[in-house]
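K.L.:
Curious how this folds, go ahead:
(chains A and B)
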Amino acid sequence: MPDRIMGCGTSVKTENQTKKSEKAIKAAILIQRWYRFYTARLEMRRRYTLNIFQSIEYAEEQAQLQLSNFFTFMMDHFAHWKGQGPDLISDISNSKEGHKFIDYEKIEVPNSYGGPRITFPLTVSDTNALLRAFKQGQQLHARYVLQLFHETKKFLKQLPNIVHLSTSYSKEITICGDLHGKLDDLLLIFYKNGLPSTENHYLFNGDLVDRGKNSIEILVLLFTFLLMYPNNVHINRGNHEDPIMNLRYGFTNEVIQKYKGHARNILLLLEDIYSRLPLATIVDSKVLILHGGIGDKTDLDFLSSIDRFKYKSALRTPKTDSEKCTSRDKMLDGKNKKSSVDVGANQNRANKHMTTSSNISQNRSQQGFRSPGILEINYMDSRIQLPDKMPELPDSIRKEWKQVVDILWSDPRNQNGCTPNSFRGGGCYFGPNVTKKLLAKYNFKMLIRSHECKQEGYELCHNGKVVTIFSASNYYDEGSNRGAYLKLSPDLTPRFVPYQVSKCTRKLTLHQRVSAVEDTALRALREKIYAHRSELINAFKLCDPKETGKISISEWASAVEAVLHLDLPWRTLRPRLIKLTSDGSVDYLSSFEDLQIEQPIKEVQPNLVETIYRYKADLEIIFNIIDKDHSGLISVEEFRQTWKLFSSHLHINIDDSAIDDLAHSIDTNKDGSIDFNEFLEAFRVVQKFDSKANKRKHKV
Amino acid sequence: MTDEKEAAESLVTDLQKKITEAFEVFDHECNKTVDVREIGTIIRSLECCPTEGELHDMIAEVEEEEPTGYIRFEKFLPMMTKALMERRYRPIPEDILLRAFEVLDEKKKGYLTREELVKYMTEEGEPFTQEEMEEMVSAAVDPEKNVVPYREYAAMMTIDDY
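P.N.:
Reported below is the predicted structural model:
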């Protein structure tokens, strides 16, 4: 009996235990299932965050290409300005030989200067002094910068367009991709991989400048090493080694801020340096290294033979040898474009800005205007229309120019073939067959390029034949991506070393990391959406003839894509951008409700506010060019004229009186000049509510 | 009737567009394939919440006869459409998640110790890898008390969901 009870007891207990542990296992599985669900969704957010940054970046590049076209247009019209010749902007991108000699020796370095001093010929003590100073945030005096750049320019002159290297002299060569003014990344690479020396070979594959805060310091360090170890340090040109790109992406401003009165000379010297940087490097006759990519017409023998010095900016019509392609040609150029090419596209654009009618199909057709901007993009993109558009440019020049642009601007794609790079607006997309053909033609093993930000700092494609290396970590935002460099040994197998500069020591959870970067990306995206508010609302309304304020998710997604052309996973992003109504349709005005453009000046008409906001970056660049002495001030008349030109160039229909009123009202002290930085800074999108408070749960 | 049919059709079209978008985020080669190791992320990002076991079944359904390590879109799309239309593998609501934590909290302390969490998650069910475990601990464990206040944790982790 006791036995039985005991036995029974035991068995009951075991059963309970089994039940209990079964329950625990079930609970564990449920938590694991939930947790994996949760992290997968985070991972998705991490991925599309990079997509957002990238697509916005390319859209901006396109804007910059369009702006460079506007310069030509401006040249044309500035001539008619009272007293101001076309020289006004020619300095920026078309400077003539002749101003060359800058007498840096006459510049005095005051005793009070506490920064580094360097002496030529450069030695290790100079590089050490520079490294130490830059780590502490010091600047190099303009006198030394000018001398260094002057020497660099002299040195680069003797280099060929395509440099041939051999690994037989060194065990390995280290290749770095885009640095974009991020000194911390360069210092981290030097720390991990050692300083350049006769034993430690480096190749920097372009895009050293722009975006980051320390472009000038990066150039100073790299040029110093280049002059000290000319056989061991190499630099390829990137698409940002271009004065027109520098205007938008920050390097011009960095130089102006740091070097004030000497800025102009430094910038002019840099234009020459850019044009003298080699375009590509070939290692052991087997590996081709260049910044962007290739096109189906890329011909390395031809590229070796061109006069690269004339491409101070790769975004402008190259000058003919005799420099005859001057204002008269440009004038023709501009007229041609205005009269023939752009009529259709811009007509749409004008309509859209007027007031009412516009429809999705019209918006679709505007896909045209994105790249058919006004000048060179057209020219680079469409081969068919070429002859009509630029009759004044001889075939040979056009061909040569395209060769250079393709090298600096192209991206690989996995579809075969070669198509215009429609998202960036310059260069092309090249497919695996284009790679294969080029590698076979020259008996190369692989192509190493940079130019695109990758989550891990590097990526392989085209069956491992194309390597992307990108060295600016946290490129878009703290935590957005890793950087990497690669080491190429004599057997020519690349070895990747990824890294990430980290500012905070506290380890963040995956969730915190993803959310922080995502917030930045979404903010940028919301601003884009807001800048196209009227266009979007028009597009939405066409899907909503009954004016219910609601459209389907599909309609919303195609309307947004048709207007913004960002090629993003809109359905995936949708919950982050807009609210759904209870019946699952999109409440389309909700994407605008917590945003507004700050409007400091009452006199500005609402549609003008939106336009100013949208073209803020463009206007800033234009004003900066007009403002030759970098005082931050332009005259009311200049402001008025520029704006009129700009709007007629873009075919934005805003009446002159609105502009006059605006110009008048922002000249607050009525002295006839306008502080344009302050003016533009005032136009920014603000979020009315904290995004957290505004967050809602959506279950579809 | 026709309206209903049309509505159902447009629902399927919408779903398929969403599936296509999610797939494309991971289709790095742009050749309508994704790495099989990433298919779980795609499925889960589409509001499907399968266990590892169920996920393996789903993968088995779309894998090639001779597994290549890649999943083709044309196979993935019908499987995924079906799963979503049938509303299989629904996400776990907060209260159910909370109940699961309570089961593991045998003594009803209101929290799990770090050791308890790690033991259950790495030894029971469909065990976590070390990486998954570290990541979960970094967010779930209150560093001062070294315990998992699961009520707060579950609430915090589900609020951000959309």
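K.L.:
alpha carbons only for contacts and neighbour counts from here, please
P.N.:
OK.
K.L.:
Tell me who's in contact with whichever residue of the stretch 451-600 of chain A sits closest to chain B.
P.N.:
Here the residue of the stretch 451-600 of chain A nearest chain B is A:P569; by C-alpha to the nearest C-alpha that distance is 5.4 Å. With contacts defined as C-alpha atoms under 8 Å, 6 or more residues apart in numbering or on different chains, the neighbours of A:P569 are A:48, B:21-22, B:25.
K.L.:
a markdown table for the residues you listed, including pLDDT and secondary structure?
P.N.:
Converted to a markdown table, those look like this (pLDDT from 0 to 100; DSSP: H, G, I helix; E, B strand; the rest coil):
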| residue | pLDDT | secondary structure |
| --- | --- | --- |
| A:Y48 | 86 | helix |
| B:E21 | 90 | helix |
| B:A22 | 91 | helix |
| B:V25 | 86 | helix |
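K.L.:
right, and the pair among the residues you listed with maximum separation?
P.N.:
For those, with distances taken as C-alpha to C-alpha, the pair at the greatest spread is A:Y48 and B:E21 (10.5 Å).
K.L.:
Looking at those two, which is more packed in?
P.N.:
Comparing A:Y48 with B:E21 by neighbour count (other C-alpha atoms under 10 Å in any protein chain shown), the higher total belongs to A:Y48, at 21 against 18.
K.L.:
What strands flank the one helix or strand A:L288 maps to, and is each parallel or antiparallel?
P.N.:
Of the helices and strands defined by DSSP states H and E, A:L288 is found in strand A:287-290. As defined by DSSP bridges, the strand partners of strand A:287-290 come to strand A:280-283 (antiparallel), strand A:446-449 (parallel).
K.L.:
So which of the ones you listed is the most surrounded?
P.N.:
Of all those, strand A:446-449 has the most neighbours on average by mean count of other C-alpha atoms under 10 Å in any protein chain shown, namely a mean of 25.
K.L.:
for that strand, what is the average pLDDT?
P.N.:
Predicted confidence along strand A:446-449 averages 97 (mean pLDDT).
K.L.:
Go through it and list whatever outside residues touch any part of it.
P.N.:
In contact with strand A:446-449 (C-alpha under 8 Å, 6+ apart) are residues A:177, A:205, A:286-293, A:439, A:464-469.
K.L.:
and residue 41, what helix or strand is that in?
P.N.:
Picked chain A for this. Short version, using DSSP H and E: A:R41 is in helix A:2-78.
K.L.:
ah, I was thinking of chain B
P.N.:
Under the criterion of DSSP H and E, B:T41 resides in helix B:39-45.
K.L.:
now do A:T572
P.N.:
When elements are assigned from DSSP H and E, A:T572 belongs to helix A:570-577.
K.L.:
Just give me how far that helix sits from the chain centre.
P.N.:
Using C-alpha atoms, centre = their mean, to the nearest Å, we find the averaged C-alpha position of helix A:570-577 to lie 24 Å away from the chain's own average C-alpha position.
K.L.:
related to what we said a few turns ago, helices and strands around the helix or strand just after the helix holding B:T41, which ones?
P.N.:
Using DSSP H and E, the helix or strand that follows helix B:39-45 in sequence is helix B:52-62. The contact analysis (3 or more C-alpha pairs under 8 Å, 6 or more residues apart in numbering or on different chains; DSSP states H and E) places helix B:52-62 against helix B:73-85.
K.L.:
what's the helix it packs on packed up against?
P.N.:
Short answer (3+ C-alpha pairs under 8 Å, 6+ apart): helix B:73-85 packs on helix B:2-26, helix B:52-62.
K.L.:
Quickly, which of these bottoms out on average pLDDT?
P.N.:
Among those, helix B:2-26 has the lowest mean pLDDT, at a mean of 84.
K.L.:
elements contacting that one?
P.N.:
When contacts are defined as 3+ C-alpha pairs under 8 Å, 6+ apart, helix B:2-26 sits against helix A:570-577, strand B:33-35, helix B:39-45, helix B:73-85.
K.L.:
do that again at 6 Å, thanks
P.N.:
The helices and strands touching helix B:2-26, judged by 3 or more C-alpha pairs under 6 Å, 6 or more residues apart in numbering or on different chains; DSSP states H and E, number zero.
K.L.:
what's the angle from that helix to helix A:570-577?
P.N.:
90 degrees (axes from the mean of the first three to the mean of the last three C-alpha atoms, to 10 degrees).
K.L.:
to the chain's geometric centre, what's the distance from helix B:2-26?
P.N.:
Using C-alpha atoms, centre = their mean, the distance from the centre of helix B:2-26 to the centre of the chain it belongs to is 20 Å.
K.L.:
what about A:I666, how many residues close to it?
P.N.:
Using other C-alpha under 10 Å as the criterion, A:I666 is surrounded by 21 other residues.
K.L.:
Alright, that wraps it up for me.
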